[in-house]
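here is my input; please provide its structure:
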Amino acid sequence: MSPFNEAWALLKSSNQRPSVRDDLRYNIQEMLPIEGAAGFDIDAFRNRKLPTPLEERVADRPPVSHIEWNPNINTYTLRGTGDEALSTLKPGMPMGTSPFPEGDMQLHDILGETPKQFRRKDYYRKLLTGLLNAGIDIDSSDRNYKSNSFHQKFLDNLPPNLEAFNNSDASGKIGYYDPIYYRRKPLSDSFDPEYFEELYEGANLEKIIELSDLARRDYGAIPIRSLPMEMEHEYGQFPIGTRQTKLDEFRPPPPPLPPPPPPVEWNKLRQTMPWGKVESS
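Numbers count the residues shown, from 1 in each chain. The predicted structure is shown next:
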């Protein structure tokens, strides 16, 4: 039996899941000897260290760390604990250094993108939910078929602290161009004094805590961290990397100007003119 067949038979006899076996099958092929090299070490293969289910899950689905706002490229990025870029969202509007739009304006013309290895793992939903929980409103009015199906599912499973306004039909289905306005539900600041008097008199501590910040529910809140705006002080307030700050790298400096002409001596110039000659006596 060849080294590969022996190792593959040993691997198939183990209790590893099919996906793990397929990955290790290719690792066996890479471990096979090349011409003139030492033989395949079957003992080392038997004693190999396989990844645990937890290690596989962490590598496949990194835990979420925070949302990163980068004012230099105008994007929100959902970052993993290993600084992985799990999903990004780019507003179609210019923004400044703050991740919160000026004037409480909602994000519009958004463009989302998720790396291939992190798709279908709920990261884009977590990014949207994190932004909405932070009080950043989002407006979606133009979607392709993939994006529309995502927003349909997102609408059907909104957390209790978020709300959406849309022009869906009677069945709740949305079209590609139906506008959707997402926001966090406003916290009411109008309380009934008599209601609170009854709560305190009855010593209903459970209800009191339920209405306080001590029992604030976690509906997908994620911290937002801003990167600093990179400036090129010599040229002004422009992010580094833009065309405005690097024109001189692509265009040579202009040639020097010619020297100014000498001053005109009017007496000599007049002598050269017929009307300016002085006849000698």
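
okay, CA-based contacts and neighbour counts for the rest of this
Noted.

how near is Arg225 to Pro101?
To Pro101, Arg225 is 15 Å away according to Cα to Cα, to the nearest Å.

right, I mislabeled it, should have said Leu86
In terms of Cα to Cα, Leu86 sits 23 Å off from Pro101.

give me the more crowded residue out of those two.
Taking neighbours as other Cα atoms under 10 Å, Leu86 and Pro101 compare with Leu86 leading, 27 against 16.

now do the helices in the stretch 51-200 of the chain.
Ranges of helices in the stretch 51-200 of the chain, per DSSP state H, counting those that start in this stretch, are 53-60, 123-133, 145-156, 193-201.

tell me the angle of the longest one relative to helix 123-133?
Our comparison of helix 145-156 with helix 123-133, counting by axes from the mean of the first three to the mean of the last three Cα atoms, to 10 degrees, yields an angle of 50 degrees.

contacts for helix 145-156, please.
Arg125, Ala164, Lys173, Ile174, Gly175, Tyr176 (Cα atoms under 8 Å, 6 or more residues apart in numbering).

can you pick the most crowded of those?
Ile174 (19 neighbours).

contacting residues for the residue lying closest to that one once chain neighbours are set aside?
Closest residue in space to Ile174, ignoring its immediate chain neighbours: Ser168 at 4.7 Å, by Cα to Cα, 6 or more residues apart in numbering. Ser168 makes contact with Ile174, Gly175, Asp178 under the criterion Cα under 8 Å, 6+ apart.

just send the residues you listed back as CSV, with pLDDT and distance to Glu265 too.
Below are the contacts of Ser168 laid out as CSV (pLDDT from 0 to 100; distance: Cα to Cα, whole Å):
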residue, pLDDT, distance to Glu265
Ile174, 89, 85
Gly175, 88, 83
Asp178, 90, 80
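
so of those, which ones are in strands?
Among these, no residue falls in strands (DSSP state E).

distance of the residue nearest to Ile174 relative to Asp60?
From Ser168 to Asp60 the distance is 36 Å (Cα to Cα).

same question for Leu128.
For Leu128, the distance to Asp60 - Cα to Cα - is 21 Å.

of those two, who's got more company?
Leu128 (23 against 12).

for the more buried one, report the pLDDT, please.
Residue-level confidence at Leu128 comes out at 96, pLDDT.

could you do the one 10 residues further on as well?
Reported pLDDT at Ile138 in the predicted model: 96.
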